[in-house]
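Visitor: no letters, just coordinates:
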């Protein structure tokens, strides 16, 4: 039985992860934690996650509960996520990390820590989105000449990072398939007299509005036709299910840095 520790059970993702863990064979909720000053600390995790009482109190730190679990699942913010990953690596545990918005320096540190622990790190843990990563790479190779590539992502008004981690991953996958350097060809905003679009550009555009859970469109535009690949998330449950699946998988793996393509057997 995999013993999971959930970070942020009172949050949008943490709560759904706990819900999705209910009734799944082979994994159980061992503990949950929030920041020390969070009002949910000391309450039953069922109460803060919208479930019946589970007899597990929300802790005020990962350090208090880390010995109780095999894997930590985290979708929060970059700074605490990185600090928690260091603790997990030092303790020889496993982690599923879905936080986005990391800086290049933080990403480098994650890669280094991932080499000495068991880590699934992915910007999106939806099965559909990870299949999308695979599909757009294949399409890009076929439409490498004469087709412009644009990515449009939309999320709720409270999302703090832009573009989304999923949109950036899509851009990276496509750039790699086309043998382009995203640092040189990525275009993140257009305004005013910008001149003609260059053939190598990969546009990544952002929408923030209301309560949109997450939408990603990859557009391949040619002369006389266009092909669009669209993923729309109707709820956070598909991300949460993927995170639970990743937590079950990563505990049995050798130390290393993995993503959802590994979890789903798409590599």
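Guide: All right, it came through fine. This is a predicted model, so every value here is computed, not measured.
Visitor: show me where the stretch 1-150 of the chain has its strands.
Guide: 2-7, 27-33, 71-74, 94-97, 118-121, 148-155 (DSSP state E, counting those that start in this stretch).
Visitor: what would those look like in TSV with mean pLDDT and distance to residue 241?
Guide: C-beta coordinates here come from the backbone N, C-alpha and C atoms, glycine included. Compiled in TSV, those are given as follows (pLDDT from 0 to 100; distance: least, C-beta to C-beta, whole Å):
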stretch	mean pLDDT	distance to residue 241
strand 2-7	98	13
strand 27-33	97	12
strand 71-74	98	12
strand 94-97	98	12
strand 118-121	98	14
strand 148-155	98	19
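Visitor: using a markdown table, lay out those together with mean neighbour count.
Guide: Output for the strands of the stretch 1-150 of the chain, formatted as a markdown table (neighbours: other C-beta atoms under 10 Å):
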| stretch | mean neighbour count |
| --- | --- |
| strand 2-7 | 25 |
| strand 27-33 | 22 |
| strand 71-74 | 27 |
| strand 94-97 | 28 |
| strand 118-121 | 25 |
| strand 148-155 | 22 |
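Visitor: reformat those as JSON lines; add distance to residue 210.
Guide: Shown next, in JSON lines, are the strands of the stretch 1-150 of the chain (distance: least, C-beta to C-beta, whole Å):
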{"stretch": "strand 2-7", "distance to residue 210": "26"}
{"stretch": "strand 27-33", "distance to residue 210": "29"}
{"stretch": "strand 71-74", "distance to residue 210": "26"}
{"stretch": "strand 94-97", "distance to residue 210": "27"}
{"stretch": "strand 118-121", "distance to residue 210": "29"}
{"stretch": "strand 148-155", "distance to residue 210": "9"}
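Visitor: closest to residue 220 out of those?
Guide: strand 148-155 (6.1 Å; C-beta to C-beta).
Visitor: in the following helix or strand past that closest one, which residues are buried?
Guide: Downstream of strand 148-155, the next assigned helix or strand under DSSP states H and E is helix 165-177. Under the neighbour-count criterion of 16 or more other C-beta atoms under 10 Å, helix 165-177 has 165-171, 173-175, 177 buried.
Visitor: same deal with stretch 58-68?
Guide: Applying 16+ other C-beta under 10 Å to stretch 58-68 flags 58-60, 62, 65-66 as buried.
Visitor: for it, the distance to its chain's centre please.
Guide: 23 Å (C-alpha atoms, centre = their mean, to the nearest Å).
Visitor: outline the domain layout of this protein.
Guide: Domain ranges of the chain: 2-121+236-263, 127-233, per automatic domain parsing.
Visitor: could you single out the most deeply buried of the ones you listed?
Guide: Highest mean neighbour count among these (mean count of other C-beta atoms under 10 Å): domain 2-121+236-263, with a mean of 19.
Visitor: what's the end-to-end length of that one?
Guide: Distance across domain 2-121+236-263, first residue to last, is 16 Å (C-alpha to C-alpha, to the nearest Å).
Visitor: any idea how far that domain is from the chain center?
Guide: Using C-alpha atoms, centre = their mean, the offset of domain 2-121+236-263 from its chain centre is 12 Å.
Visitor: which ones are touching residue 28?
Guide: With contacts defined as C-beta atoms under 8 Å, 6 or more residues apart in numbering, residue 28 is in contact with 1-4, 21.
Visitor: name the nearest residue to residue 99, ignoring sequence neighbours.
Guide: Leaving aside its sequence neighbours, residue 99 sits nearest to residue 81 (C-beta to C-beta, 6 or more residues apart in numbering; 4.1 Å).
Visitor: mind checking how far the one you found is from residue 220?
Guide: 34 Å (C-beta to C-beta, to the nearest Å).
Visitor: need the pLDDT of residue 84.
Guide: Per-residue pLDDT puts residue 84 at 98.
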